[in-house]
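Engineer: can't give you the sequence, but here's the structure:
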Ligand code: ATP
């Protein structure tokens, strides 16, 4: 059988971005060697704060056009607090990508692994396995500085807008219910919670109204609502009771960091940003300049994001072997934590970026794991 080739727009970016993306690329390449049937070509694109400081551009010339022609986008981390656009905000071309490529569904899994110090004392916290679905093109990010759309912007007052559109919100809620359906088949709760502030804002009441309209199409999936402030409380009290949670952009931005905290730290927080025709995959964390160049970064969020990319490519190109690659990577991480063979420094362990990558590589090659997963 011929291999399926995937051409990936690869943006290492800033800070720890280069190290973690190289780690993830080596793991994906290894999974394709083991599984066979698919190969990824990593096509490098220069973008980010460092590139901006050298050239005055946040993406290389023609970069967005190149991305358009490739199968998916894989990004390390972009932004450095010391390098800013003229208006004082940080370099963030990826926010523009979300809009240009219509990446409305920001998928952020929050899953507990064994032997990572529990941030919550309740032993049920080992069962945390939920997804924060963050709308990613409108909401309160509609007037993000990179889009230059503030209706009032002067030295006395600045206004931002919360934009909720029917077309986008219908697609988002449908995505949430379908995701819950796929997860239910894997034994998860099969529930979607609409997280909003419908008691105060008309835009949020509209978001909830569309949720209630769409839920009738998905009768096998449970549906409920929760105000965002109550959800901040519930995520600390009983996070194991949730499955898929859908919300506007800014609420998702905040709660996904809370989710990262629940499962140890941002180094485990993976992310997929999905649209009708494109997908962008990157860790949910930033460029972590405080640990830059020290081999301390946990690459697992990026590796888990790469695994989400393999699942996406499997669906998009109907290629079963990429899905097996993803299953192998995720199982190796799960078993690696169980056996205490993955010990990130982020959680007080002794393994930096290189050591984790090497150990995960050995786990991928482990015959027992391969047999268990691929038979
Ligand atoms: P952004 O706004 O771009 O998301 P941020 O300012 O929220 O970025 P991060 O760069 O995500 O900040 O870092 C937040 C904290 O988490 C920092 O202390 C950083 O060192 C830590 N951190 C982030 N990513 C990792 C990682 N992969 N491994 C270990 N620690 C990390």
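Structural biologist: Yep, it's here. No experiment lies behind these values; they were computed from the predicted model shown.
Engineer: make it CA atoms for all contacts and neighbour counts henceforth
Structural biologist: OK.
Engineer: Which parts of the stretch 1-150 of the chain are strands?
Structural biologist: Under the criterion DSSP state E, counting those that start in this stretch, the stretch 1-150 of the chain contains strands at 4-13, 38-44, 72-77, 105-111, 129-135.
Engineer: In terms of secondary structure, what does the shortest one contact?
Structural biologist: Using 3 or more CA pairs under 8 Å, 6 or more residues apart in numbering; DSSP states H and E as the contact test, the elements touching strand 72-77 are strand 4-13, helix 17-35, strand 279-281, helix 300-317.
Engineer: Quickly compare those and say which is most buried.
Structural biologist: strand 279-281 (a mean of 27; mean count of other CA atoms under 10 Å).
Engineer: Low-confidence bits of the chain, can you list those?
Structural biologist: 1-3, 375 (pLDDT under 70).
Engineer: on that earlier part again, what would the helices and strands packed on strand 72-77 look like in JSON lines with distance to residue 255?
Structural biologist: Below are those laid out as JSON lines (distance: least, CA to CA, whole Å):
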{"stretch": "strand 4-13", "distance to residue 255": "24"}
{"stretch": "helix 17-35", "distance to residue 255": "23"}
{"stretch": "strand 279-281", "distance to residue 255": "19"}
{"stretch": "helix 300-317", "distance to residue 255": "17"}
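Engineer: Tabulate the ones you listed in CSV, adding columns for distance to the ligand.
Structural biologist: Below are those laid out as CSV (distance: least, CA to the nearest ligand atom, whole Å):
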stretch, distance to the ligand
strand 4-13, 11
helix 17-35, 7
strand 279-281, 14
helix 300-317, 7
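Engineer: one step back: need the strands of the stretch 1-150 of the chain in CSV (columns: distance to residue 53).
Structural biologist: Formatted as CSV, the strands of the stretch 1-150 of the chain follow (distance: least, CA to CA, whole Å):
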stretch, distance to residue 53
strand 4-13, 12
strand 38-44, 19
strand 72-77, 16
strand 105-111, 29
strand 129-135, 30
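Engineer: Now do the contacts for the residue of the stretch 101-250 of the chain found nearest the ligand.
Structural biologist: Relative to the ligand, the nearest point of the stretch 101-250 of the chain is residue 250 (12.2 Å; CA to the nearest ligand atom). For residue 250, the contact set (CA atoms under 8 Å, 6 or more residues apart in numbering) comprises 139-141.
Engineer: give me the number of residues near the residue of the stretch 51-200 of the chain at minimum distance from the ligand?
Structural biologist: For the stretch 51-200 of the chain and the ligand, the shortest gap (CA to the nearest ligand atom) falls at residue 79, measuring 6.1 Å. Residues near residue 79, counting by other CA atoms under 10 Å, number 27.
Engineer: Find the centremost residue of this protein, please.
Structural biologist: residue 271 (0.6 Å; CA atoms, centre = their mean).
Engineer: Nearest spatial neighbour of that residue, chain-adjacent residues omitted?
Structural biologist: residue 108 (4.7 Å; CA to CA, 6 or more residues apart in numbering).
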